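[1] Using only what follows, build the 3D model:
(2 chains)
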2 protein chains.
Amino acid sequence: MPVNLPLPQPQDLRPIAGLELAVVSAGIKKVGKRDLTLMRLAPGSVVGAVFTQNRFCAAPVQVCREHLSALSMSQQGVRALVINTGNANAGTGESGLAHAQATCTQVAQLLGFESEQVLPFSTGVIMEPLPFEKIQAALPQAVSALGQGSWLDAANGIMTTDTQPKAYSHELWVHGHKVSITGIAKGAGMIRPNMATMLGYLATDACIDQALMAELAQEIAQRSFNRITVDGDTSTNDSFVVMATHQAQHPVIKNWLEPQAKALFDALCMVATQLAQAIIRDAEGATKFITVRVEEGASEAECLQVAYAIAHSPLVKTAFFASDPNLGRILAAVGYAGIAQLEQSHIELYLDDVHVVTRGGRHPQYQEAQGQAVMAQSEIVVRVLLGRGAHAQSVWTCDLSHDYVSINADYRS
Amino acid sequence: MPVNLPLPQPQDLRPIAGLELAVVSAGIKKVGKRDLTLMRLAPGSVVGAVFTQNRFCAAPVQVCREHLSALSMSQQGVRALVINTGNANAGTGESGLAHAQATCTQVAQLLGFESEQVLPFSTGVIMEPLPFEKIQAALPQAVSALGQGSWLDAANGIMTTDTQPKAYSHELWVHGHKVSITGIAKGAGMIRPNMATMLGYLATDACIDQALMAELAQEIAQRSFNRITVDGDTSTNDSFVVMATHQAQHPVIKNWLEPQAKALFDALCMVATQLAQAIIRDAEGATKFITVRVEEGASEAECLQVAYAIAHSPLVKTAFFASDPNLGRILAAVGYAGIAQLEQSHIELYLDDVHVVTRGGRHPQYQEAQGQAVMAQSEIVVRVLLGRGAHAQSVWTCDLSHDYVSINADYRS
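    Here you go, the predicted structure:
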């Protein structure tokens, strides 16, 4: 059961001019399940993308990097994305690379582009051979269905252990022209994105200069998908793509310092953050949505280090699952986070507004019943003050429940 | 149910000349449970100890450090250890420190030592006030019972969520004199020792020079307790103490290079490793004992980094629980372990003797049934070859089961 995650309604999701979708069934997952998504971008669209930092990255991630690198030296841009679920095409060696490459070549031939203009993505089980012949057989059907798919279809079409699709839209005015943003994402386990998450796509009809796109994708990922964790397991396939189709009529944005550009950036970040948080709300076995905020750090990096130590501690996560204010476990995680000069006597801890720990010890006015009341909620903010500086960072995570164990013990069976 | 962990038999545990034990009930845990252990060492005994690197270390750990530092500048040695279970005296601020100190003062007065000659230890729930008056009331009884307690009593007396006591003995000859070694340990959760584990005690009647003891304790911890992990949660109270009572008649050992000293060191390491592995065998919810061995690393540090990434991955641990050879999860963990220049095409992976991955991809001869057969065992060796150098390291861990979640969701209730 997702935590406070409303099901997206078709009418809430805005189409993006210049981007056509098709979602078909290739038979990779159970027969009849739609598992293959194709996106076509209008000429002149610009794309920025970030990928997993896992050294064991999947074949499609490697092919994406090669294609983007090749395109950066040409006048051509990305024109299509092809995404399969049911198989990650990771740990598949040379044949995996050949299959990812052949998928792009086929899409390029069917649509009349160069192979480098196609980006491939895969998600699902690792170390199983990609059933390439099924994808090959389904691609012509996907191409003829282009334009018939909705964003909701696509959000459904990329799911694995997700219990519901994740999709958001937003509208704003840029230089007097209406601009739309729509994003989809998937992911419920093996989630501790490092530069990007397990498949997130953000599209807008805004006009953004190509030179800005890579930096933009990095910045957005940094503030959204790179601040969530379910289990600390950075996936082999994490990919986050930002697409701008240039169909809106406003002047091309080349400088982030101008106010109109800032408003667009904030809106893109907002949609990406909604998607990232949706992944946590629908995380494997999650019963609680937890914000871990670390303040008064000497640097952003050390705030994140402490926040992730708390967010990854199985003991902290099981205490949340049990609604048990066993808050010493949070202090223990702060202590082992690796901040060498940390003074325990400077630590303050709040659970929502309840002041639990002061100067490293239990707050004299703290009553167990107060902690209990906060722990019983489905949304909880853990706030730690380090007393070392002026930096602050937040990460979002969930609890560790019996269902997480069940889901991951049974995933392949 | 512990994994292949025989219950220690009283007759297998050798007393250590020069060390007296008492184990009594102070009423910290349920009435009637023996929760307070006292050890008295003969004059001339030497002690080495290592403590948690958690910056949020418990009050008794702080007091131990102060006392050892004070003793190092005097002619006096440690004469007593006092250990309570049921309460960790961590996150308890100034009053926690005062209670740990007062415990030592009382023991010192009762036994006629200086307060600095007493080392205090606590284990149990964090951030609850230590019920000091109960300890105060029980100490006279503990002092009069000195000599009546056995090592098995003590191993039982320090348990928290352990399902059975952990104790081992060993005998060897040093310079023609028989020497005994006995060790006890406790710990089942919040286990990723960093410098030492949650309470391990190793005693020998051997004669070891005081100047060697600190180094010796470090080295032994490094090869045993610092190579285990249950959940990656480094405790606030980890303490490992090596005691040599100098009751054996052999010449005092001052140099580790001589063969007799090496044999003693190996025997101490062996007992410590048995105890460390016993903690994993009896870890919270464990159904499997897993050795993660990483070879061909460019350094010991990077081997450990990869081994711990595998050993801490909730996805890897749930796959072991399910006996599911979902081995791509191991590759993913290798990939995100943080080795910047890792080449996935050089990675080899074995499950026991089954060659699962070669050159970063599934081995052509690998059959799922082979992986399945190994995964069904209760003892499994995961062997990863990095293809980067000649270093190797092993860590020991367990699976992540429903019982881990249940035990930690219910711990305080």
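[2] Give me the number of neighbouring residues for the residue lying closest to A:T236 once chain neighbours are set aside.
    Using C-beta to C-beta, 6 or more residues apart in numbering or on different chains and skipping residues adjacent in sequence, the residue nearest A:T236 is A:A90, 4.0 Å away. Just so you know, the C-beta spots here come from the backbone N, C-alpha and C atoms, and that holds for glycine as well. Other residues within reach of A:A90 by the criterion other C-beta atoms under 10 Å in any protein chain shown amount to 32.
[3] Next one: A:A90 from B:E114, what distance?
    62 Å (C-beta to C-beta, to the nearest Å).
[4] Equivalent analysis for A:V78, please.
    Separation of A:V78 from B:E114 (C-beta to C-beta): 75 Å.
[5] A:S69 now?
    Distance from A:S69 to B:E114, by C-beta to C-beta: 70 Å.
[6] Compare the two and say which one has the larger neighbour count.
    Here A:S69 and B:E114 are compared on neighbour count by other C-beta under 10 Å; more neighbours surround B:E114, at 16 against 10.
[7] List the residues that contact the spatially closest residue to that one that is not a sequence neighbour.
    Of all residues not flanking B:E114 in the chain, B:A108 sits nearest, at 5.9 Å (C-beta to C-beta, 6+ apart). Counting by C-beta atoms under 8 Å, 6 or more residues apart in numbering or on different chains, B:A108 touches B:A80, B:E114, B:S115, B:Q117, B:V118.
[8] Which of those fall within helices?
    Counting by DSSP state H, the contacts of B:A108 place none of their members in helices.
[9] Select from those the one having the most neighbours.
    Tallying neighbours with other C-beta under 10 Å puts B:V118 at the head of the contacts of B:A108, with 27 neighbours.
[10] correct me, but that residue touches B:Q76?
    No. Under the criterion of C-beta atoms under 8 Å, B:V118 is not in contact with B:Q76, lying 11.2 Å apart.
[11] Find the residue closest to A:E171 in space, skipping its chain neighbours.
    On the basis of C-beta to C-beta, 6+ apart, the spatially nearest residue to A:E171 that is not a chain neighbour turns out to be A:S180, at 5.5 Å.
[12] Please identify the buried residues of the strand or helix carrying that neighbour?
    Using DSSP states H and E, A:S180 sits within strand A:177-185. Neighbour counts over strand A:177-185 (16 or more other C-beta atoms under 10 Å in any protein chain shown) mark A:V179, A:S180, A:I181, A:T182, A:G183, A:I184, A:A185 as buried.
[13] who's in contact with the second one?
    To tie it back to what came earlier, the one meant is A:S180. A:R14, A:P15, A:I16, A:A17, A:S169, A:H170, A:E171, A:T204, A:D205.
[14] What's the local residue count around the fifth one?
    Applying other C-beta under 10 Å, we find 19 other residues in the vicinity of A:S169.
[15] Let me know whether my guess that it is in a helix holds.
    No. Assigned with DSSP: H, G, I helix; E, B strand; the rest coil, A:S169 falls outside any helix and is strand.
[16] Pairing-wise in the sheet, spell out the partners of it.
    Applying DSSP bridges to A:S169 gives these bridge partners: A:T182.
[17] For the residue lying farthest from the centre of chain A, grab phi and psi.
    For chain A, the residue at maximal distance from the C-alpha centroid (C-alpha atoms, centre = their mean) is A:P364, at 40.8 Å. With angles defined as degrees, to the nearest 10, A:P364 sits at phi -60, psi -30.
[18] who touches it in this structure?
    A:T358 are the contacts of A:P364 under C-beta under 8 Å, 6+ apart.
[19] ok, what's across the strand from A:V174?
    Taking DSSP bridges as the rule, A:V174 bridges to A:H177.
[20] Tell me how far it lies from chain B.
    As judged by C-beta to the nearest C-beta, to the nearest Å, A:V174 and chain B stand 38 Å apart.
[21] close to chain B, is the lengthiest helix in chain A?
    Longest helix in chain A by number of residues (criterion: DSSP H): helix A:259-281. No. With C-beta under 8 Å from any C-beta of the partner chain as the criterion, chain B is not reached by helix A:259-281; the gap is at least 15.1 Å.
[22] May I have that helix as CSV, with CA atoms only?
    This file holds the C-alpha atoms of helix A:259-281, laid out as CSV (Å, rounded to 0.1, in the frame of the first residue of the first chain):
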residue,chain,number,x,y,z
PRO,A,259,13.9,35.2,-13.6
GLN,A,260,11.8,33.4,-16.3
ALA,A,261,14.4,30.7,-16.6
LYS,A,262,14.6,30.3,-12.8
ALA,A,263,10.8,29.8,-12.7
LEU,A,264,11.0,27.1,-15.3
PHE,A,265,13.9,25.4,-13.5
ASP,A,266,12.0,25.5,-10.2
ALA,A,267,9.0,24.0,-11.9
LEU,A,268,11.1,21.2,-13.4
CYS,A,269,12.6,20.5,-10.0
MET,A,270,9.2,20.5,-8.4
VAL,A,271,7.9,17.8,-10.8
ALA,A,272,11.1,15.8,-10.5
THR,A,273,10.8,16.0,-6.6
GLN,A,274,7.2,14.8,-6.7
LEU,A,275,8.3,11.8,-8.9
ALA,A,276,11.2,11.0,-6.6
GLN,A,277,9.0,11.2,-3.5
ALA,A,278,6.4,9.1,-5.3
ILE,A,279,9.1,6.3,-5.6
ILE,A,280,9.5,6.4,-1.8
ARG,A,281,5.8,6.5,-1.1
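[23] got the angle between it and strand A:177-185?
    Inter-element angle recorded for helix A:259-281 and strand A:177-185: 20 degrees (by axes from the mean of the first three to the mean of the last three C-alpha atoms, to 10 degrees).
[24] Which SSE is immediately downstream of helix A:259-281?
    With DSSP H and E, the next secondary element past helix A:259-281 is strand A:289-297.
[25] Pull out the buried positions in the helix or strand just after that following strand.
    Next helix or strand after strand A:289-297 toward the C-terminus (DSSP H and E): helix A:300-312. The neighbour-count check on helix A:300-312 (16+ other C-beta under 10 Å) flags A:E302, A:C303, A:L304, A:Q305, A:V306, A:A307, A:Y308, A:A309, A:I310, A:A311, A:H312 as buried.
[26] Also stretch A:65-78?
    Here stretch A:65-78 shows A:H67, A:L68, A:L71, A:G77, A:V78 as buried, counting by 16+ other C-beta under 10 Å.
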